[in-house]
Structure formats: structure tokens, C-alpha cells
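[1] I would like the atomic coordinates for the input below:
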Amino acid sequence: MYIYRLAGENMDLAEAELNGFLEAVGEDEKASREDRLAFTQSHPKQLKRLALTHEVTEEIDPEEFRPEGSYAVRVKNLSDKEIEKEEIESEIGQKISTDENSVNLEDPETTVKVYITEVKRFYGKLIEDISRNLFEQRSNEKRPYSSPISMDPVLARVLVNLSETSAGESILDPFCGTGGILIEAGLCGIMPKGLDIQEEMVEGSKENLNNYGVINFDIKEGDISEANELFDEYNAVISDLPYGKASKQENKAVEKFMEFIEEFDGKTVFMYNKASLGDYEADFEVYVHKNLTRYIYVI
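    The predicted model follows:
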């Protein structure tokens, strides 16, 4: 069994992202979840695609598991109970100790994780540590071209995974702006296609994608009504709908988007600043700050 320690306050969104990712990498099963942990029987590839998962471990039995080389034991308390972390780490460390291995708390070859929930303990050998720093390096202010309303890279990656798009397939962002969604798609091996009505945004997106090593992309200037003339095909539509602009201009763009996706047969994932739109209700809400909550739709 494989154990995923989910990130963030929205566990439902983290679980949905994990399941979208599993579909994208060709795994048939859905993850089960217990509070902040999720579980699969299969060992998926491309684990670094995940944005709302801190780490992935392979379940072990501490009565039988004996690591080779150096190791460290780390306890993560996911319950409301008070625990003695050092005591538990020492207890498990002694169990898995042999004459052939040794403790190394600084740079261990094997890290054993102990997850303590309200009802039981889970033990795992760390197989993937998903660093937040990788996303921070692509934050809006660190891109060559930026805009105040550009999407956070973690959220952009979540939308990509919710779309269930596999490496080698393609996505279209018809309001691509500075290319935040396109960057995350490209880094997942997905062909990013983007459209924006402003030439400045188109050129800025191209600069940003090149900066992060995404060299295979198709970004064009144009209105969403021209999308099917400008692009041959794409497997999913992913976008952050315009907001915060002049009301009439925003409403017109959103209206065109809704007409556009009505004719699209694939999966559509988008973010907006209202909890309902036309006949659709948002699937998830994302708290940004006290004056702004965004909503994710998966259609």
C-alpha cells in the first residue's frame, strides 16, 4: 500500500487532485482517504506532478522492515492527541536497527515515516518528498513577465491534475494571461496551447514558458470565439476566467467562455470568483484572503 500525506486545508480538493492525477498516469483505482492521509495499492509514476501532497511513502511493517545503510525515523502527528515524538522515534528506531545499518538524522539513505491519526499508526518508507520550493520558484514575482492577478503555481498545477490530462496530450487555456497554467501543464509533459486577446500577454507567456524550460507550446493572439479556427485539437480546456476588470468586459468574456465549452466534448476545469455560473455549481472553493474566495469548476 502507498500512503499520501495530503497538504492544505481543503482535504476534498487534495483528494480530488490525487484522483485526477491517478487517472492521468493510467491508474485505474481511486484513492481512499482517512483524514489527512490517502491510500492506493498501486505505485504511480510521475509523483512530482502532485501539488497538494506533501510526500508519498510505501507502507512497511516495523516488526519486519530492516533498512540497509543509514536511516532516520520521523513522526508526524495528524491527531489532536499529545504525543512524545522523540520517544516514538526512538522506539521504532530500535526495532528496525541491525548490525548492518545505522542512524543518520542529517542525510539518511532511508527515511521511515510514522503517521499518527486519531485511531491508529501508519508506517511507511519515504519514496517521494514533494518540495514546496519547486512551486515557489515559479511564483508570479519570480517570472520574467508578471501580472498582479496571475494564478499561484500550486493552484495552476491542481487544475491541470483535475483535468486528468496525460503526458503527450494537450490542453487549451483560452485566457492564458502570463501563462501560469501553461507552465504547469508543460512541466507535466502536456502540450500547452494558449490564447489571449492581448499581444503583450501572448509575448509574456512565451517568455515565461521558455524561462522554465517549456519549449514545445502554441500560444496565439485572439478572441475565444476564434479558438477552434486557431487550434486544431486539444484534450482539455483549463482556465482562470477574467475577473476584477470592468464588469461589462468581464461578463462578455465569461459569456463567450460558457458558449465555447458547451460545444466542447472533453473535460473543462476552470476557476472563477462566483460559486455558481449559469447552470453549474462550483465543485470546490479556495480561500485566498478575507476579501476573496475563488471557486473551481470541473465539467
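[2] Ala282 reaches Ile296, doesn't it?
    Yes: Ala282 lies in contact with Ile296 (CB atoms under 8 Å); the separation is 6.3 Å. For every residue, glycine as well, the C-beta is placed using N, CA and C.
[3] Please identify which of these two sits among more neighbours.
    Taking other CB atoms under 10 Å, Ala282 and Ile296 do not tie; Ile296 has more neighbours (22 against 19).
[4] Report the contact partners of the more buried one.
    If you count contacts by CB atoms under 8 Å, 6 or more residues apart in numbering, Ile296 has them with Leu13, Val158, Leu159, Leu162, Val269, Phe270, Met271, Ala282, Asp283, Phe284, Glu285, Val286.
[5] what's the closest of the residues you listed to Val25?
    Leu162 (13.9 Å; CB to CB).
[6] Dump the contacts of Ile296 to a markdown table, plus secondary structure and distance to Ser131.
    Formatted as a markdown table, these follow (DSSP: H, G, I helix; E, B strand; the rest coil; distance: CB to CB, whole Å):
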| residue | secondary structure | distance to Ser131 |
| --- | --- | --- |
| Leu13 | helix | 20 |
| Val158 | helix | 16 |
| Leu159 | helix | 20 |
| Leu162 | helix | 21 |
| Val269 | strand | 24 |
| Phe270 | strand | 27 |
| Met271 | strand | 24 |
| Ala282 | coil | 30 |
| Asp283 | coil | 27 |
| Phe284 | strand | 24 |
| Glu285 | strand | 26 |
| Val286 | strand | 21 |
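[7] Which members of those are classed as buried?
    Neighbour-count burial (16 or more other CB atoms under 10 Å) applied to those gives Leu13, Val158, Leu159, Leu162, Val269, Phe270, Met271, Ala282, Phe284, Val286.
[8] Tell me where the stretch 101-250 of the chain has strands.
    101-103, 110-116, 121-129, 170-173, 191-196, 218-221, 236-240 (DSSP state E, counting those that start in this stretch).
[9] ok, the fourth one: who's next to it in the sheet?
    Read that as strand 170-173. In the sheet, strand 170-173 lines up against strand 191-196 (parallel), strand 236-240 (parallel) (DSSP bridges).
[10] which one of those strands lies closest to Ile92?
    For the strands paired with strand 170-173, the distance to Ile92 is smallest for strand 236-240, at 42.4 Å, taking CB to CB.
[11] And the average pLDDT for the closest one is what?
    Averaging pLDDT along strand 236-240 gives 98.
[12] same deal with stretch 212-222?
    97.
[13] where does Tyr287 land on pLDDT?
    Looking at Tyr287, the pLDDT reads 89.
[14] Check Lys248 too.
    56.
[15] try Asp12
    Looking at Asp12, its pLDDT reads 97.
[16] What segments of the protein are helices?
    Counting by DSSP state H, one finds helices in the chain at the ranges 11-24, 85-96, 133-136, 153-162, 180-187, 199-211, 227-230, 247-262.
[17] Report the backbone C-alpha coordinates of the fifth one in CSV.
    Translated: helix 180-187. Taking C-alpha atoms only, helix 180-187 is exported to CSV below (Å, rounded to 0.1, in the frame of the first residue of the first chain):
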residue,chain,number,x,y,z
GLY,A,180,0.7,30.2,-15.3
ILE,A,181,-1.5,27.2,-16.3
LEU,A,182,0.5,26.6,-19.5
ILE,A,183,3.8,26.4,-17.5
GLU,A,184,2.4,23.8,-15.1
ALA,A,185,0.9,21.8,-18.0
GLY,A,186,4.2,21.9,-19.9
LEU,A,187,6.2,20.7,-16.9
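[18] So which elements touch it?
    Here helix 180-187 touches helix 153-162, strand 170-173, strand 191-196, helix 199-211, strand 236-240, going by 3 or more CB pairs under 8 Å, 6 or more residues apart in numbering; DSSP states H and E.
[19] Try it again at 6 Å.
    Applying 3 or more CB pairs under 6 Å, 6 or more residues apart in numbering; DSSP states H and E, one finds that helix 180-187 contacts helix 153-162, strand 170-173, strand 191-196.
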